[in-house]
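1. build me a model from this:
(chains A and B)
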Amino acid sequence: MKIHEHQARQILHDAGVPVPPGVVIESIEAAAGAYKQVVSDAGLGEKGLAVVKAQVHAGGRGKAGFVKLVRSAEEATDAARFMLSNRMVSPQTGAEGLDVRKLLIAAGVDIAKEYYLAITTDRATRRNVLIASSEGGVEIEQVAEDKPDAILKEPIHPTMGLQAHQARRLAFKLGFTGKQVNEATKIMLALARVYDERDCSLAEINPLIVTPPTDEHPDGRVMAIDAKFSFDENAMFRQKAIADMFDPTEENPSELRAHKFGLSYIAMDGNIGCLVNGAGLAMSTMDIIKHHGGEPANFLDVGGGASEEAVTEGFRIILSDQAVKGVLVNIFGGIMRCDVIAQAIVNAAKEVGFKVPLVVRLEGTNVESGRKILEDAKSSIPTMQAALDLEDAAKKVTAAIAS
Amino acid sequence: MPILIDASTRVICQGITGGFGQLHTKGCLLYSPAVVGGVTPGKGGQKDPNGLPIFNTVADAVAGTKADATMIFVPPPFAADAILEAAAAGIRVICCITEGVPVRDMVRTRAALDEMNAGRSEKERIYLVGPNCPGVITPGPKTGSGESKDDPYTREGCKIGIMPGYIHTHVSESKSGRSVGIVSRSGTLTYEAVWQTSNEGYGQSTCVGIGGDPVRGVGFIDCLELFEKDAKTDGVLMIGEIGGTDEEAAAEWAQSNMSKPLAAFIAGRTAPPGKRMGHAGAIISGGEGGAESKIKALRDAGFEIAETPASMGQAMKRAMEG
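-> All right, here's what the predicted structure looks like:
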């Protein structure tokens, strides 16, 4: 589960990590006041630098014009007007773009140097790992590819957590000097604590920066400018505060609807709707459709314990996609019983109707009664064909669409 | 024995009075008579609907039934504790079926188990299978109807988990008289593989669903190693999926350590990067964990590759006959 930048900043601030003053606004009118407040809180002059940033999960904000530097209340208002009245289109949003509802206005900070800092769980070593680089502010994936040596990694003990000496050593390796070393060490320890306490799956500060030296801070100050967090959805039962940050407007409506019924649905660009039990089998079903020249319209895993009602909802979601020209049902019943699936097909046929070709492959638990239910309902579902196996199913559905 | 479990294995169910625990305890008993009791704290002394004794703790259950394996169906918040309770009570094979266990819990639990296993011989080693997995099955020859616990499908096999038992084939009933071991990250895809290898004339020695979570118990290499040493296993079919680098690591290990015929299938070849495909583990990110790199590594290591999920049985056959 992802959260917004302003929420991530708040989590960091609460953990003791310095972040520049910021205010979240939802209207154009609020921009001027917010600008004045953040520049004043940051001790900047009347025409101090601030940044206006759209609060959306999708990346590519800067290039889309949804991150703007401003130097006056008027400029802040103009930027807010643009962002709140236009849809943001970036490579990550698709052509239709998305609505921006919230903006963060944060005080500008002079930057002497940028770093990258993150924690994630490394599957290979089964430990959380602190990742740091002195090449911050840019695409870290690119750095990892071009200069793998510029990425430092420190494993975190599963029960002891990150130790101060580990963070300190990393701070020296990254090139921090003087008072920066302790400040950076504290930030790393705070990030590790947040990662553990909040059940994160990614906690990233990019960039972590050092400000230029001043009389007050001769070594500069170490601060977090932007942050990205995502969380383990399986841990939300013990992370109520994080769960409350969930923003349904950031999600695909069909995926959200499926989620409510315990189904795992992901929309794709093709025209063959799929309903499958099990994530691996669902992915493989998409693979075999492509192998036979078709394009899957979705990934849909109904799981093991889904009720007839939930499976029927799955069919409703698939059939509500106008692009769907055929449907493939592939069930290898284990916990999921074939008769439940068959009954859901009959329900969906009655309620929505299968106007497009439907190919059904059933195997496993209660397969005989499942096949019987479909056989009995055959006359009312004229577009339905039974398939012998997975290969046969993929061939039949792609052929039906081609004809 | 085949690997991990056989007809002599004595299984308890943790969470035996919950909906899933109750359902699958019965399902296991219809296949093989391996389940000997269960655990639900506070219900010790009672019996489950099958007449199995219920205990308050795993330690009590071990003392009362001589159990050496467990299947865990407790809800996700309690799963890590259930695993560690079983390990502390001396259970050797722990199958955690529960789906949705937080990664943080598994990072700690796995570290604790690794610590307990340090210095232990293979015979004393604790094997955690899962979480988020279908379990383990060592098929037996059909000896009964499989319609009641008094007339189970087989008295010579052992099923721990949620897979449909009857699709499996014991070597004595196979056309070729040879058996393959199956290890897989995915549940239903394993059933597909079992069904296809049976159709190609092979039996299955043992099938292990290692689960789809990013941090788990036994992995591909552990299972390959067990299958390589097992006299009842003639070849191995490995089913991986996108995400992580376990398949690449297994390929590298197999190249210098496996002598038996090998076949593999990787699910998610057409999945778009960055999307989470149901399994917490199945996600491609940062250029790592893509299907093509896994397929290449496995092919280079001598695995026969199934190009589609419908050809897993054929790939296994090519490997066995090649």
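2. tell me the helices and strands packed up against the longest helix along chain A.
-> Of all the segments assigned as helix in chain A under DSSP state H, the longest by residue count is helix A:179-197. Judged by 3 or more C-beta pairs under 8 Å, 6 or more residues apart in numbering or on different chains; DSSP states H and E, the packing partners of helix A:179-197 are helix A:5-14, strand A:113-122, strand A:127-133, helix A:164-174, strand A:200-210, strand A:222-224. Any C-beta I mention is one placed from the backbone N, CA and C, and that applies to glycine too.
3. buried sites along it?
-> Judged by neighbour count (16 or more other C-beta atoms under 10 Å in any protein chain shown), helix A:179-197 contains these buried residues: A:180-192, A:194-196.
4. swap in stretch B:45-64?
-> Within stretch B:45-64, the residues that qualify as buried are B:48, B:52, B:53, B:54, B:55, B:58, B:59, B:60, B:61, B:62, counting by 16+ other C-beta under 10 Å.
5. mind checking pLDDT for residue A:352?
-> As summarised for this prediction, residue A:352 has a pLDDT of 87.
6. show me the contacts for it.
-> A:315, A:316, A:319 (C-beta atoms under 8 Å, 6 or more residues apart in numbering or on different chains).
7. any idea how far it is from residue A:318?
-> Residue A:352 is 9 Å from residue A:318, where distance means C-beta to C-beta, to the nearest Å.
8. buried ones in the helix ranked longest in chain B, by neighbour count?
-> Taking residue count as the measure and DSSP H as the definition, the longest helix of chain B comes out as helix B:103-117. Neighbour-count burial for helix B:103-117 flags B:103, B:104, B:105, B:106, B:107, B:108, B:109, B:110, B:111, B:112, B:113 (criterion: 16+ other C-beta under 10 Å).
9. could you pick out which of these are near chain A?
-> Among the buried residues of helix B:103-117, the residues that sit close to chain A (C-beta under 8 Å from any C-beta of the partner chain) are B:103, B:104, B:106, B:107, B:108, B:110, B:111.
10. skipping its backbone neighbours, what lies nearest the second one in space?
-> Nearest residue to residue B:104 in three dimensions, chain neighbours excluded: residue A:199, at 5.4 Å (C-beta to C-beta, 6 or more residues apart in numbering or on different chains).
11. what number of residues lie near the one you found?
-> By other C-beta atoms under 10 Å in any protein chain shown, the residues close to residue A:199 number 21.
12. ok, now residue A:327?
-> By other C-beta under 10 Å, the residues close to residue A:327 number 25.
13. check the one 4 residues further on too.
-> Under the neighbour criterion other C-beta under 10 Å, residue A:331 is assigned a count of 27.
14. surely it forms part of a helix?
-> No: inclusion of residue A:331 in a helix is not indicated when DSSP: H, G, I helix; E, B strand; the rest coil is applied; the result is strand.
15. and it, bridged to which residues?
-> residue A:362 (DSSP bridges).
16. my guess is it meets residue A:366, correct?
-> No: using C-beta atoms under 8 Å, residue A:331 is not in contact with residue A:366; the gap is 10.2 Å.
17. what touches both of those two?
-> Shared contacts of residue A:331 and residue A:366 (C-beta under 8 Å, 6+ apart): residue A:338.
18. get me the contact residues on the stretch 251-400 of chain A for chain B.
-> Taking C-beta under 8 Å from any C-beta as the measure of proximity, the stretch 251-400 of chain A contacts chain B at A:264, A:266, A:268, A:276-288, A:290-291, A:296, A:299, A:301, A:304-305, A:332-335, A:363-365, A:389-391, A:394.
19. taking those, please make a PyMOL selection of just the buried ones.
-> Per 16+ other C-beta under 10 Å, the buried members of these correspond to this PyMOL selection:
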select buried, chain A and resi 264+266+268+276+277+278+279+280+281+282+283+284+285+286+287+288+290+291+296+299+301+304+332+333+334+335+363+364+365+390+391+394
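20. can you flag which of the residues of the stretch 251-400 of chain A next to chain B belong to strands?
-> Residues of these located in strands (DSSP state E): A:264, A:266, A:276, A:299, A:301, A:332, A:333, A:363, A:364.
21. can you redo those as JSON lines with pLDDT?
-> As requested, those are arranged in JSON lines below (pLDDT from 0 to 100):
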{"residue": "A:264", "pLDDT": "91"}
{"residue": "A:266", "pLDDT": "90"}
{"residue": "A:276", "pLDDT": "95"}
{"residue": "A:299", "pLDDT": "93"}
{"residue": "A:301", "pLDDT": "93"}
{"residue": "A:332", "pLDDT": "91"}
{"residue": "A:333", "pLDDT": "87"}
{"residue": "A:363", "pLDDT": "92"}
{"residue": "A:364", "pLDDT": "88"}
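22. which residues touch residue B:88?
-> B:58, B:59.
23. let's see 10 Å
-> Contact partners of residue B:88, counting by C-beta atoms under 10 Å, 6 or more residues apart in numbering or on different chains, are B:57, B:58, B:59, B:112, B:116, B:126.
24. the first one is in contact with residue B:38, isn't it?
-> No: taking contacts as C-beta atoms under 10 Å, residue B:57 lies outside contact range of residue B:38: 11.6 Å.
25. for chain A, give the residue positioned nearest to chain B.
-> Distances between chain A and chain B by C-beta to the nearest C-beta are smallest at residue A:280, namely 2.2 Å.
26. and the angle from the regular element (helix or strand) spanning residue B:86 to helix B:103-117?
-> Taking DSSP states H and E as the criterion, the element that holds residue B:86 is helix B:76-88. For helix B:76-88 and helix B:103-117, the angle between their directions (axes from the mean of the first three to the mean of the last three C-alpha atoms, to 10 degrees) works out to 0 degrees.
27. and helix B:76-88, C-alpha only, in CSV?
-> Coordinates of each C-alpha in helix B:76-88 appear next as CSV, following Å, rounded to 0.1, in the frame of the first residue of the first chain:
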residue,chain,number,x,y,z
PRO,B,76,-2.2,-14.4,10.0
PRO,B,77,-1.6,-12.4,13.1
PHE,B,78,-0.9,-15.6,15.1
ALA,B,79,0.9,-17.6,12.4
ALA,B,80,4.5,-16.7,13.3
ASP,B,81,3.9,-17.6,16.9
ALA,B,82,2.3,-20.9,15.9
ILE,B,83,5.4,-21.8,13.8
LEU,B,84,7.8,-21.0,16.6
GLU,B,85,5.6,-22.9,19.1
ALA,B,86,5.8,-26.0,16.9
ALA,B,87,9.5,-25.7,16.5
ALA,B,88,10.0,-25.3,20.2
